[in-house]
Structure formats: structure tokens, C-alpha cells
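J.: can't give you the sequence, but here's the structure:
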């Protein structure tokens with residue numbers, strides 16, 4: 001397998017969609033779809049009328065046609081729902097998901113990878129956040145059934161993933177350690193393909209595994225302690241968009257309130273190179289000069305997200321793309337590494353955009369609730385059973401579940417806001433006021449300078465192929 005120089009980052013929710021991944025892959029680079037919240041994305045696409053019939057076409061290729069037809073019967077609306085109608089939501093995943101929910105997660109990831117791979121021979125990958133634990137096993141299986149070529153996992157220490165991939169290649173039952181707040185005992189998530197689909201279908205191949213790491217130490221740990229093969233490494237620096245790894249050691253804030261990164265957070269590329277596997281550098285590497293610098297340091301190439309996030313094929317709403325691209329021509333946009341926004345506790349890059357959750361007034365007006373639940377944390381109740389809570393939910397609910405009120409301050413509902421980013425915002429019905437639409441929250445990397453360089457003279461938009469041509473120039 002010929003490895004690419006450019007990996008398109010896995011930006012969720014739905015920014016790294018099948019259209020973007022397919023466009024990148026057709027140009028000989030590695031296109032990646034984001035697995036984050038794909039079950040909700042697919043369910044809402046069906047309720048929007050499934051423009052072009054893409055979801056239904058992919059479901060027609062799904063190995064278990066009973067599952068495929070059930071999803072269409074439950075969620076598809078011919079012509080799409082009315083604009084003021086709320087989306088029907090799916091159940092939230094937990095430690096004991098139903099068979100139907102697991103089947104939905106399998107099918108949703110199959111659909112996105114199938115569409116990204118359709119009609120070409122290029123490489124397609126899938127990106128997972130290790131922090132989003134509950135749906136990971138069925139999601140990985142669904143992507144593998146569609147023939148995904150690369151599995152990239154970040155936001156955690158994914159030591160168990162290679163052995164899980166190997167087990168799913170044999171269509172065996174697999175398990176995954178569940179992190180539970182305050183628990184001294186071990187809890188496991190389980191997934192058995194034979195108990196979810198009509199039979200245990202075997203994936204055609206084993207995908208490559210690329211963990212996304214942010215330190216020399218974690219890279220070394222992945223290479224030495226993984227009970228399975230690590231095929232490459234993606235080294236992500238703190239200027240990358242979305243979630244960043246917290247600074248090593250005690251967290252200090254600068255005058256703007258952002259976490260300060262120091263020498264302990266620097267990555268020793270000589271040590272990385274000595275590990276003996278291909279690696280890619282991420283975080284403000286989206287230019288031909290930075291690509292050359294990465295290759296000179298021994299890297300196979302770069303991973304970039306921000307330039308792809310605002311291109312024609314990305315899932316970001318067209319009006320948001322147009323506004324941000326236009327503003328990049330005339331002003332320096334502010335990207336704030338918010339230490340409080342994400343319920344995960346990881347710093348999260350937030351682009352300041354009017355009428356989104358980055359606006360204090362919009363944030364204050366939103367009624368805090370959690371009905372998607374991808375960033376829920378598991379905790380142990382006094383009787384030993386598991387409960388689930390989110391730092392961005394109603395603070396009273398969080399405290400009722402044993403959480404600390406101070407942990408809720410400044411938290412933002414990433415699940416609902418990132419769904420709004422791709423035109424799938426929930427409509428909140430209210431008898432006391434007009435219906436409310438969930439607001440957006442835009443994230444990207446610190447360096448937006450490449451957008452103007454990719455645009456060229458007189459252009460107001462650009463495509464994925466323009467990003468690739470620019471970086472490989």
C-alpha cells in the first residue's frame with residue numbers, strides 16, 4: 001500500500017463527511033471520515049429526505065438488509081421533514097445499548113465509509129475519538145465491513161484498539177475498557193457481531209492503525225505496549241483544531257485565558273523517527289513550506305484539517321464557510337483555545353463567530369440539556385451500578401448525579417452545536433416562547449493564513465483539490 005503525503009483530518013461532527021473524504025482520496029491522498037455522532041447524522045439525513053438517495057443507496061449494500069430496511073422504515077421522510085419540525089432522536093449509547101442501537105451504529109459507519117470509497121481505488125480512513133467510548137466498538141465494525149483502509153484514533157490512549165481490530169477481522173466478540181469516574185473496579189464494554197446482525201459478517205481486510213498522539217512519551221508507549229500492530233503515527237501539536245491534549249504538568253493560563261504549553265509539550269522528532277514507523281505531523285502544517293519541513297524531519301507527510309474544513313466539499317454549512325472565507329481576506333480571525341468549553345476537560349479551539357455559542361449572549365440564552373450524549377462520562381453510583389452525566393447538561397442534573405457544580409461552569413454542548421454546524425440543528429419546541437434552534441459553535445486550527453493562499457486572486461471559494469495542489473506545489 002502506497003502511503004500518502006497528505007492526510008485529511010477527521011473533523012467531527014460531519015465536517016469530514018464522505019464527500020470530502022472521497023474528493024481527497026480521488027486525488028491520491030488519504031481522505032478520512034469522522035465517526036463522531038454518525039448514527040445521529042445518518043438518522044437526521046434520512047429525516048431530511050436523503051437528498052440524492054445516497055444514504056439509501058449505501059444501505060442497499062449493507063450486509064444485513066433487515067437492519068437497513070428497519071432504519072429506512074423508522075426514520076426516512078419522503079421529501080424531508082418540515083423546517084419547524086423537530087428531529088426524532090435516537091437513544092443515547094451507554095454501557096448496555098440495545099441490539100437496535102448497536103445495529104444503527106454499525107450501519108451508520110458502514111454508510112459513510114461506503115460512500116467515501118464509492119467509484120475509486122483511493123485510500124479512505126475513519127477517525128475516532130477515544131473519549132467517546134460507548135459507540136466505539138460497533139462503529140469500528142461498521143467501518144471495517146465497508147472496507148475502510150485506515151483507522152485513526154485520538155483524544156486518549158488507544159492501546160486496546162489494535163487487538164480489537166484483529167478480533168473484529170475474525171468477526172469475534174470484543175471488549176473495551178470503560179473509564180468510570182471514581183471507580184476502583186474494572187468495567188468493560190462488549191460487542192458481539194453475531195448478536196447484533198443476522199450473522200457475524202467478516203470484514204474483507206484488516207485496516208491500518210494510526211494512533212493520534214501529542215507527545216514523544218505517548219508515541220513510545222503506543223509502539224511498545226500495544227497488543228497488536230501500530231502501522232503509523234499522527235503527531236498532533238497544540239495549534240490543531242478541535243480538541244487538544246492538555247499541557248503536561250500543572251495547567252497555567254495566559255492573559256487571554258488559554259492554557260500555556262511549554263517545553264514538556266514539545267515532541268522530539270528524532271525519537272519519533274527512531275520508532276521505525278511512518279509518521280505525519282499535524283497542527284499548522286497546511287502549507288508547502290511546512291510539508292517540506294515535515295519531510296525534512298523524517299515524516300511521511302502532514303495531516304491537515306482547517307484548510308479542508310472550509311472547502312466546497314466539507315460538511316460545514318455553506319453560509320458559515322462563505323462568511324469565514326470572506327473574513328479571512330480582510331481581517332485576522334480570533335481562534336481561542338478554550339479550557340472550559342468541552343465537557344471532556346480537554347482544551348477546545350473555538351472560532352469567534354457572531355450568533356454562535358462563542359457569543360456570551362447566545363450561550364447565556366441557551367437552555368442547557370443533554371439529549372445526544374456523545375461526551376457523557378460514566379460514573380459509579382453508591383450501589384455499584386453505572387450512571388451517565390455530562391458537564392454541559394443542566395447543572396442541577398449534573399450535581400444530582402454526584403458531580404461538582406464548579407465542573408459545569410463555562411461548558412458548552414458540543415454535540416448539539418456541532419450538529420448545527422452541518423445544517424442538522426435540533427428545533428426546540430416551547431409553549432412559553434418561539435421555537436428555538438440549536439446554535440452553532442465553529443472550531444478550527446490556530447493558523448488560518450493558508451485560506452487566502454489557496455483561494456488565489458478573485459476567488460470566493462475553493463475545493464479539496466485546490467488544497468492538495470497548494471500543499472504539494
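T.: Alright, I've got the coordinates. Predicted model, so just to flag it, every value in this text is computed and none were measured.
J.: show me what counts as buried in the biggest helix by length in the chain.
T.: Identified as the longest helix of the chain according to DSSP state H is helix 99-117. Using 16 or more other CB atoms under 10 Å as the test for burial, helix 99-117 gives 101-117. C-beta here means a position set from N, CA and C on the backbone, and glycine is covered the same way.
J.: that one - contacts with which helices or strands?
T.: Under the contact criterion of 3 or more CB pairs under 8 Å, 6 or more residues apart in numbering; DSSP states H and E, helix 99-117 touches helix 18-25, strand 31-34, helix 38-47, helix 54-59, helix 65-75, strand 124-129, helix 136-145.
J.: chain center to the third one, what's the gap?
T.: Think helix 38-47. 15 Å (CA atoms, centre = their mean, to the nearest Å).
J.: okay, the angle between it and helix 136-145?
T.: Inter-element angle recorded for helix 38-47 and helix 136-145: 60 degrees (by axes from the mean of the first three to the mean of the last three CA atoms, to 10 degrees).
J.: and helix 38-47, average pLDDT?
T.: For helix 38-47, mean pLDDT rounds to 97.
J.: endpoints of stretch 15-30, how far apart?
T.: End-to-end distance of stretch 15-30 (CA to CA, to the nearest Å): 15 Å.
J.: ok, now stretch 287-304?
T.: End to end - CA to CA - stretch 287-304 spans 9 Å.
J.: please apply the same query to stretch 157-164.
T.: End-to-end distance (CA to CA), stretch 157-164: 14 Å.
J.: what ranges do the strands span in the stretch 301-450 of the chain?
T.: 301-304, 335-338, 348-351, 377-380, 386-389, 427-428, 436-437 (DSSP state E, counting those that start in this stretch).
J.: mind putting those into TSV with mean pLDDT, mean neighbour count and distance to residue 454?
T.: TSV is the format used below for those (pLDDT from 0 to 100; neighbours: other CB atoms under 10 Å; distance: least, CB to CB, whole Å):
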stretch	mean pLDDT	mean neighbour count	distance to residue 454
strand 301-304	95	27	11
strand 335-338	92	20	18
strand 348-351	92	23	17
strand 377-380	92	18	39
strand 386-389	92	18	42
strand 427-428	90	16	35
strand 436-437	88	14	31
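J.: wait, which of these is closest to residue 69?
T.: Proximity to residue 69, assessed across the strands of the stretch 301-450 of the chain by CB to CB, is greatest for strand 427-428 (27.5 Å).
J.: packing partners of the closest one?
T.: With contacts defined as 3+ CB pairs under 8 Å, 6+ apart, strand 427-428 has these neighbours: strand 436-437.
J.: strand partners (parallel or antiparallel) of the strand it packs on?
T.: When pairs are called by DSSP bridges, strand 436-437 turns out to pair with strand 427-428 (antiparallel).
J.: chain center to the strand it pairs with: distance?
T.: Centre to centre, stretch against its chain (CA atoms, centre = their mean), the figure for strand 427-428 is 24 Å.
J.: hmm, who's touching that strand?
T.: 84-87, 367, 435-438 (CB atoms under 8 Å, 6 or more residues apart in numbering).
J.: go with 6 Å
T.: Applying CB atoms under 6 Å, 6 or more residues apart in numbering, the external contacts of strand 427-428 come out as 86, 435-437.
J.: let me see the backbone angles for the spatially closest residue to residue 244 that is not a sequence neighbour.
T.: Nearest residue to residue 244 in three dimensions, chain neighbours excluded: residue 347, at 4.5 Å (CB to CB, 6 or more residues apart in numbering). The phi and psi values for residue 347, taken as degrees, to the nearest 10, are phi -60, psi 150.
J.: cool, and residue 409?
T.: The phi/psi pair for residue 409 (degrees, to the nearest 10) is phi -70, psi 130.
J.: excluding chain neighbours, what is closest to it?
T.: Spatial nearest neighbour of residue 409, chain neighbours left out: residue 340 (6.7 Å); criterion: CB to CB, 6+ apart.
J.: again with residue 131
T.: Nearest one to residue 131, counting by CB to CB, 6+ apart, is residue 155 at 4.5 Å.
J.: out of the contacts of strand 427-428, who's nearest residue 312?
T.: Within the contacts of strand 427-428, the smallest distance to residue 312 is 24.7 Å, found for residue 437 (CB to CB).
J.: show me what contacts the closest one?
T.: When contacts are counted by CB under 6 Å, 6+ apart, residue 437 touches 425, 427.
J.: quick one: low-confidence ranges for the stretch 301-450 of the chain?
T.: The model of the stretch 301-450 of the chain has pLDDT under 70 over residues 430-434.
J.: what ranges does it have for its helices?
T.: 306-309, 318-330, 360-365, 395-400, 414-421, 450-455 (DSSP state H, counting those that start in this stretch).
J.: any chance of these in TSV, plus distance to residue 163 and mean neighbour count?
T.: Formatted as TSV, the helices of the stretch 301-450 of the chain follow (distance: least, CB to CB, whole Å; neighbours: other CB atoms under 10 Å):
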stretch	distance to residue 163	mean neighbour count
helix 306-309	31	28
helix 318-330	40	15
helix 360-365	42	12
helix 395-400	34	15
helix 414-421	29	26
helix 450-455	38	19
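J.: nearest to residue 290, out of those helices?
T.: helix 450-455 (9.2 Å).
J.: for the closest one, name the packing helices and strands.
T.: helix 318-330, helix 464-471 (3 or more CB pairs under 6 Å, 6 or more residues apart in numbering; DSSP states H and E).
J.: what's near enough to touch residue 240?
T.: 282-283, 445.
J.: between those residues, which is closest to residue 354?
T.: The closest of the contacts of residue 240, once distances to residue 354 are taken by CB to CB, is residue 445, at 20.4 Å.
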